[in-house]
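Student: model this:
(one chain, ligands or ions: 1)
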Amino acid sequence: MICPICDKAFEKDESTHLPFCSKRCRWVDLSKWLGGEYVVPGRSATLPDDDVDDLH
Ligand SMILES: [Zn+2]
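Tutor: Sure thing, here's the model as predicted:
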């Protein structure tokens, strides 16, 4: 099978999260439906890139 999220090929018998290849991809799909971005850690799109490091 091909995972609809990451396009990775995987064996159907190897995944317990069908039709996705992994738990992570299932959450990615779920987050799309919910319209949330909290599943992707490390992204701080709302923080300004400049001025943050000027405190030193
Ligand atoms: Zn996947």
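
Student: got the buried residues for stretch 20-29?
Tutor: Neighbour-count burial for stretch 20-29, counted by 16 or more other CB atoms under 10 Å, picks out 20-22, 25-29. For the C-beta atoms, the positions are set from N, CA and C on the backbone; glycine is no exception.

Student: which of those sits closest to Glu11?
Tutor: Cys21 (9.3 Å; CB to CB).

Student: ok, for that closest one, nearest residue in space, not its chain neighbours?
Tutor: Cys3 (3.8 Å; CB to CB, 6 or more residues apart in numbering).

Student: hang on, isn't that neighbour packed against Cys25?
Tutor: Yes: at 5.5 Å, Cys3 and Cys25 qualify as touching, with contact defined as CB atoms under 8 Å.

Student: hmm, back to that, what number of residues lie near the residue nearest to Cys21?
Tutor: 20 (other CB atoms under 10 Å).

Student: and the protein, which residues reach the ion?
Tutor: Contact residues (CB under 5 Å from the ion) of the chain with the ion: 3, 5-6, 21, 25.

Student: for those residues, which two are the farthest from each other?
Tutor: Ile5 and Cys21 (7.6 Å).

Student: what about Lys32, distance to Lys23?
Tutor: Separation of Lys32 from Lys23 (CB to CB, to the nearest Å): 15 Å.

Student: do the same with Ile5
Tutor: From Ile5 across to Lys23, the span is 11 Å (CB to CB).

Student: below-threshold pLDDT in this structure: ranges please.
Tutor: By pLDDT under 70, the weakly predicted segments of the chain are 36-56.

Student: which stretches of it form helices?
Tutor: 23-34 (DSSP state H).

Student: so who does Leu18 touch?
Tutor: Contact analysis of Leu18 by CB atoms under 8 Å, 6 or more residues apart in numbering lists 1, 12.

Student: what of Phe10?
Tutor: Phe10 neighbours (CB under 8 Å, 6+ apart): 1-3, 21.

Student: kindly recompute the last result at 7 Å.
Tutor: For Phe10, the residues meeting the contact criterion (CB atoms under 7 Å, 6 or more residues apart in numbering) are 1, 3, 21.
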